[in-house]
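Participant: sharing a model that was predicted from the sequence below.
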Amino acid sequence: MEPIIVTRDLKKVYRLGKVDVQALRGVDCTVHEGELVAVVGPSGCGKSTLLHILGGLTGPTSGDVLVDGNDFSKMTDADRTRFRRHTIGFVFQRFNLLPTLTARNNIAIAQDIQGNGFNPHRFQAVVEMLGIQAKLDHRPFALSGGEQQRVAIARAVICEPKILLADEPTGNLDTENSQSVLNMLRDLNRSFGQTILMITHNPEAAAVADRIIRMRDGRIVSD
Amino acid sequence: MINKLIVSNILHRPIRTVVSALAVAIEVAMVMLFVGLCHGIVNESAQRLEGVGADIMVQPPGASFLLAFSQAPMPVKIGDRLKEIPHVLAVAPVLFNFNSSGGLNIIYGIDMPSFDRVTGGFVYHDGGPFQNPYDILVDDLYARANHIKVGQTISLLNHEFHVCGIVEHGKGARLFIPMSTAEDLLQVQDKASIFFVKCTEPGYTDEVSDAIHQLLQKYQVSPVKEWMSLMTSNNLPALNAFITVIVAIAVGIGFLVIFLSMYTTITERTREIGILKSLGASKGYIIAVILREAGLLTAVGIIVGYLIAAVARKAILGAFPTLSIELTMEWALYAAILALAGSTLGAFYPALRAAQLDPVDALAYE
């Protein structure tokens, strides 16, 4: 398998007031296509920053980030946005569904933003796979946490992204729903070869991954 | 899909939607009503003067083309010389009196026989011509506005007048008193503020005007058609300035309300903007969402504004029948364009700010 994510000496420094915070202090990692990788580590170790950089939400301070052959460190914000639209799907701990839209429209808006129009066959296949057919006309406030996360996963994969980045996807779910979401992520990975990079605190969540990357103080300590 | 997002956002915040649309509606209604009122009053007073039926007006030197400001009297004997000019059918001297109690009114002091010859005579809704010096004729709109009936006494110019008749509106003024009474009140003798001249045929207007010019070189001789063309808001600089100020205030209100509405919306929806960005929404997409949302609010406001203007016009004319409000398609269009321009401008900065939000910060926003 080809590497789909490569980082070399990746550093990120945030400025908080007059203080520089080194979130990443030289991260080198490689993720291959079709892998399910878990990134674990204590709070503040830089996991989320790594995920945001890999998703193109923010740029690195220094170092190289190659995602599907594209060097994020040399791309503008607009270029990264365009790339993200076609290549990356996000799943968040807090689901991050648009509260005014129904589940159906929350999923469809990803296709709209991608610009390829609504694909009913893909839509049907995804909602069936995630078992949310009966909830499509509900707004997020009328869905349980597990249902919201399934809608969020549907939204993330509807455009067939090459990489799915999941930020603590089970962090707001009970055990049963956590397991259900983890099973879905694993199925996506096994059945469709979906590359998934998942940040988690949860050892059970990490256990479903092919690889576990451990981080501490902005560095990878084991892989 | 973007439309669904916009509509759902608008429906999700009904109070904000109602307030924003109402502000735009007030802006549109304000523009239409104020402009309509200005144009209505100018046009109505011009039409009333045209309704006298004269072809030419003769005023003393230095008189304003705004007749209401021209009280300066001329010798009434001039009328006899005007009558001698070929193709002059009738000449009616009128002496203006101004009444400022209960609103500014111009009262025509008329010589009934000559005024009737020029105008073709009053159409009486009730009562009849003057019988006594302190008789007064009022037009139907003034009578309706002030609940006046024939036989009633009304107080004007510090005198009591007996209403002897109610006449059809459109003969220059709304109130008419005998010429001799007007002279007594102004303490002048054999004077007139204006002469209305009627030609035997309207085609002789220019010829008669030239003859009057020859006869009364320093006097102002205005063919009524020419005067009518001058009686537009474009020729009334103060009115134009007033309209401009009112329009600017109205647009300012719309701009500020939409600006505030969209600005608070952006703050409220920071996280949602972060979500759109995480999905790959470009700056253009975010700006389009905000501007189209403001556009939809404005469109609703414009329609409601038209309704408010129509209802307010009916209510105002019901309460003040002597007023005239012209709601024109032209100004309806201008008001809509101004509202759209104001709200687009008002929404643009918030939209730009939303587009420039850092996606990581926006997603972390509580």
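Facilitator: Thanks, I have the structure now.
Participant: return the set of buried residues in stretch B:169-184.
Facilitator: B:169-179, B:181-184 (16 or more other Cβ atoms under 10 Å in any protein chain shown). Every residue, glycine included, has its C-beta placed from N, CA and C.
Participant: let's see which of those end up in strands.
Facilitator: Among those, the members falling in strands (DSSP state E) are B:Leu175, B:Phe176, B:Ile177, B:Pro178.
Participant: tell me how many other residues surround the nearest residue to the last one once chain neighbours are set aside.
Facilitator: For B:Pro178, the nearest residue in space outside its immediate sequence neighbours is B:Phe130; the separation is 5.1 Å by Cβ to Cβ, 6 or more residues apart in numbering or on different chains. Here the neighbour count serves as a burial measure; for B:Phe130 (other Cβ atoms under 10 Å in any protein chain shown) it reads 20.
Participant: give me phi/psi at B:Phe130?
Facilitator: phi -60, psi 140 (degrees, to the nearest 10).
Participant: that one touches B:Gly109, doesn't it?
Facilitator: No: applying Cβ atoms under 8 Å as the test, B:Phe130 and B:Gly109 come out as separate, 10.9 Å apart.
Participant: and residue 55, what does it touch?
Facilitator: Since you didn't name a chain, this refers to chain A. Counting by Cβ atoms under 8 Å, 6 or more residues apart in numbering or on different chains, A:Gly55 touches A:Arg84, A:Ile88, A:Phe90, A:Leu165, B:Ser278.
Participant: my bad, chain B
Facilitator: B:Val197, B:Lys198, B:Cys199, B:Pro202, B:Tyr204, B:Thr205, B:Val208, B:Pro223, B:Val224 are the contacts of B:Asp55 under Cβ under 8 Å, 6+ apart.
Participant: which residues does the second one contact?
Facilitator: In this structure, B:Lys198 makes contact with B:Gly53, B:Ala54, B:Asp55, B:Val88, B:Leu89, B:Ala90, B:Val91, B:Ala92, B:Arg117, B:Val118, judged by Cβ under 8 Å, 6+ apart.
Participant: B:Ile10: which of those residues is nearest?
Facilitator: B:Gly53 (56.1 Å; Cβ to Cβ).
Participant: residues from the stretch 251-366 of chain B in reach of chain A?
Facilitator: B:271-272, B:274-283, B:285, B:358-360, B:363 (Cβ under 8 Å from any Cβ of the partner chain).
Participant: give the buried subset of the residues you listed as a ChimeraX selection command.
Facilitator: Buried members of these, defined by 16+ other Cβ under 10 Å, are picked up in ChimeraX with:
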select /B:271,272,274,275,276,277,278,279,280,281,282,283,285,359,360,363
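Participant: scan chain B for its longest strand.
Facilitator: strand B:88-99.
Participant: and that strand, which strands flank it?
Facilitator: When pairing is defined by DSSP bridges, strand B:88-99 lines up against strand B:105-110 (antiparallel), strand B:194-199 (antiparallel).
Participant: how about the host helix or strand of B:Leu141: buried residues?
Facilitator: Taking DSSP states H and E as the definition, one finds B:Leu141 inside helix B:140-146. Neighbour counts over helix B:140-146 (16+ other Cβ under 10 Å) mark B:Asp140, B:Leu141, B:Tyr142, B:Ala143, B:Arg144, B:Ala145 as buried.
Participant: turn the residues you listed into TSV, including pLDDT and distance to A:Arg139.
Facilitator: Output for the buried residues of helix B:140-146, formatted as TSV (pLDDT from 0 to 100; distance: Cβ to Cβ, whole Å):
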residue	pLDDT	distance to A:Arg139
B:Asp140	92	60
B:Leu141	89	57
B:Tyr142	89	60
B:Ala143	92	61
B:Arg144	89	56
B:Ala145	86	55
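Participant: quick check: buried residues in the longest strand of chain B?
Facilitator: Of the residues in strand B:88-99, B:Val88, B:Leu89, B:Ala90, B:Val91, B:Ala92, B:Pro93, B:Val94, B:Leu95, B:Phe96, B:Asn97, B:Asn99 count as buried by neighbour count, 16+ other Cβ under 10 Å.
Participant: which one of these is nearest to chain A?
Facilitator: B:Asn99 (60.7 Å; Cβ to the nearest Cβ).
Participant: confirm B:Val304 sits in a strand?
Facilitator: No: read with DSSP: H, G, I helix; E, B strand; the rest coil, B:Val304 is helix and lies in no strand.
Participant: what strand or helix carries B:Val52?
Facilitator: Per DSSP H and E, there is no helix or strand for B:Val52.
Participant: for chain A, which segments count as helices?
Facilitator: A:47-54, A:77-87, A:103-114, A:120-130, A:145-157, A:175-192, A:203-207 (DSSP state H).
Participant: which part of the stretch 251-366 of chain B gets nearest to chain A, residue-wise?
Facilitator: B:Gly280 (2.5 Å).
Participant: residues in contact with that residue?
Facilitator: So B:Gly280 contacts A:Thr81, A:Arg82, A:Arg84, A:Arg85, A:His86, A:Ile88, A:Ile113, A:Gln114 (Cβ under 8 Å, 6+ apart).
Participant: if you set the cut-off to 6 Å instead, what comes out?
Facilitator: A:Thr81, A:Arg84, A:Arg85, A:Ile113 (Cβ atoms under 6 Å, 6 or more residues apart in numbering or on different chains).
Participant: ranking those by neighbours, who comes first?
Facilitator: Most crowded among the contacts of B:Gly280, counting by other Cβ under 10 Å, is A:Arg84 at 26 neighbours.
Participant: so that residue touches A:Leu57, yeah?
Facilitator: No: look at A:Arg84 against A:Leu57 with Cβ atoms under 6 Å: they stay out of range, at 7.6 Å.
Participant: residue ranges with poor pLDDT in the chain?
Facilitator: Picking chain A for this. A:1 (pLDDT under 70).
Participant: please go with chain B instead
Facilitator: B:63-72, B:101-103, B:233-234.
Participant: how far away is A:Asn177 from chain B?
Facilitator: 21 Å (Cβ to the nearest Cβ, to the nearest Å).
Participant: show me what contacts the closest residue to chain B within chain A?
Facilitator: When scored by Cβ to the nearest Cβ, chain A has A:Arg85 as its residue closest to chain B, at 2.5 Å. Neighbouring residues of A:Arg85 by Cβ under 6 Å, 6+ apart: A:Gln114, B:Gly280.
Participant: who's the closest spatial neighbour of B:Ile249, skipping the chain neighbours?
Facilitator: Per Cβ to Cβ, 6+ apart, closest to B:Ile249 is B:Met30, 7.7 Å.
Participant: quick one: the one you found and B:Ile246, what's the gap?
Facilitator: As judged by Cβ to Cβ, to the nearest Å, B:Met30 and B:Ile246 stand 7 Å apart.
Participant: got it, and A:Ala78?
Facilitator: Distance from A:Ala78 to B:Ile246, by Cβ to Cβ: 43 Å.
Participant: neighbour count for the two, which is higher?
Facilitator: More crowded of A:Ala78 and B:Ile246, by other Cβ under 10 Å: B:Ile246, with 17 against 11.
Participant: residues contacting the more buried one?
Facilitator: By Cβ under 6 Å, 6+ apart, the neighbours of B:Ile246 are B:Phe34.
Participant: where exactly do the helices run in the stretch 251-366 of chain B?
Facilitator: Assigned by DSSP state H, counting those that start in this stretch, the helices in the stretch 251-366 of chain B fall at B:270-278, B:283-319, B:329-355, B:359-364.
Participant: against which helices or strands is the third one packed?
Facilitator: If contacts are counted by 3 or more Cβ pairs under 6 Å, 6 or more residues apart in numbering or on different chains; DSSP states H and E, helix B:329-355 sits against helix B:14-50, helix B:237-268, helix B:283-319.
Participant: one more time with 10 Å
Facilitator: helix B:14-50, helix B:237-268, helix B:270-278, helix B:283-319 (3 or more Cβ pairs under 10 Å, 6 or more residues apart in numbering or on different chains; DSSP states H and E).
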